[in-house]
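Peer 1: structure of the sequence below:
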Amino acid sequence: MLTPFKSLTALAVAGMLAGCATPPANVEGYRAVTEADGLAVLAAKAFEGVQPKRAVYADWLIREEYARYEKGGARAEVFYVTPRHENLQYVALNHRHDSTNVAELFNYLTSRPVQSPPGVCARNQLAEFWYRILTLPADGRQCMVFNSEWDLHPEDAVMRPDRVMFGYYCPPAGQSIDKTAASEIIDGLGVRGLNLRHTGATLAVGGLAPAGAQPELAALAKGEGAKGEWGAATFLFDMAAPYSPSRGKDWD
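Peer 2: Residues are numbered from 1 along each chain as shown. You can find the predicted model right below:
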């Protein structure tokens, strides 16, 4: 007898095979995206004119996007994660981090001593964010980490989110981050297709270039070869959490 999770998974696979609309190679794996098709955006004066380096991973249940910004000594990294509901409706995200520990995900911040004050709540047009302004004494700079989750699943017994965004921003060394500067960064966070216009070819993962191993994209997001300066070593985050709305049971 199939367990509830296996039952849902089996139904999803059956639906995929029955539809045959998108070959598996076009869905599961890493793929490069043009700037127009990148969804996560950090619009700030510090990165005016910058096209970030991007990598996307997708499978039948989830889409995870990484964006890296760098200009004139300023730097930022952003992750945006959302389930894919084309084949399985009841999928939420297990996001176990908040502003107290989201810095632990980034190689740049975990490789340096960090002083962290209390978090601050701020809202932009997209969602409510929590952020903290960190001090990196050895580097003589400040950075801010931010974290948000929204569109909670009311059918899920533990009300997990459908969308998660987190990352950090550092101005050039020697520049501090006050409340005004932090607000500019939060206000500049967006998602194309939600609070920003999407002008690319498609919002559908299957419409992007076919996936594959593409180790250079995995290395980009993980920061491999970057000597601890970029990326998140624990990527992929594996947040997809199928659930049963009728049983209200958390299977993760």
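
Peer 1: only C-alpha atoms from now on, for both contacts and neighbour counts.
Peer 2: Will do.

Peer 1: ok, and the closest non-adjacent residue to residue 66?
Peer 2: residue 79 (4.7 Å; CA to CA, 6 or more residues apart in numbering).

Peer 1: what sits against the one you found?
Peer 2: Contacts of residue 79 were listed using CA atoms under 8 Å, 6 or more residues apart in numbering, and they are 40, 64-67, 165-167.

Peer 1: same thing but at 7 Å, please
Peer 2: Counting by CA atoms under 7 Å, 6 or more residues apart in numbering, residue 79 touches 65-67, 165-167.

Peer 1: before we move on, what about residue 222?
Peer 2: Residue 222 neighbours (CA under 7 Å, 6+ apart): 231-235.

Peer 1: got those as CSV, with pLDDT and secondary structure columns?
Peer 2: Converted to CSV, those look like this (pLDDT from 0 to 100; DSSP: H, G, I helix; E, B strand; the rest coil):
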residue, pLDDT, secondary structure
231, 97, coil
232, 97, coil
233, 95, coil
234, 94, coil
235, 95, coil
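
Peer 1: could you dump those into TSV with distance to residue 187 and neighbour count added?
Peer 2: Supplementary listing: the contacts of residue 222 in TSV, determined by distance: CA to CA, whole Å; neighbours: other CA atoms under 10 Å:
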residue	distance to residue 187	neighbour count
231	23	27
232	24	26
233	28	16
234	27	14
235	26	18
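
Peer 1: tabulate the CA atom coordinates of the helix or strand residue 166 falls within in CSV.
Peer 2: Using DSSP states H and E, residue 166 falls within strand 161-170. What follows is strand 161-170, C-alpha atoms only, in CSV (Å, rounded to 0.1, in the frame of the first residue of the first chain):
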residue,chain,number,x,y,z
PRO,A,161,4.9,29.5,2.5
ASP,A,162,4.8,29.4,-1.3
ARG,A,163,7.5,31.9,-1.8
VAL,A,164,10.8,32.6,-0.1
MET,A,165,13.5,35.3,-0.7
PHE,A,166,16.7,35.9,1.3
GLY,A,167,20.1,37.3,0.8
TYR,A,168,22.5,40.0,1.8
TYR,A,169,23.9,43.3,0.7
CYS,A,170,27.3,45.0,1.5
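
Peer 1: that one - contacts with which helices or strands?
Peer 2: Strand 161-170 is packed against strand 74-83, strand 91-93, strand 141-152, with contacts defined by 3 or more CA pairs under 7 Å, 6 or more residues apart in numbering; DSSP states H and E.

Peer 1: show me the helices in the stretch 151-252 of the chain, by range?
Peer 2: Remark: helices assigned in the stretch 151-252 of the chain by DSSP state H, counting those that start in this stretch are 179-188, 215-222.

Peer 1: any idea how far residue 163 lies from residue 59?
Peer 2: Here residue 163 is placed at a distance of 16 Å from residue 59 (CA to CA, to the nearest Å).

Peer 1: pull up the pairing partners for the strand holding residue 166, direction included.
Peer 2: strand 74-83 (antiparallel), strand 141-152 (antiparallel) (DSSP bridges).

Peer 1: which among these is found nearest to residue 107?
Peer 2: Residue 107 lies closest, by CA to CA, to one member of these: strand 74-83, at 10.6 Å.
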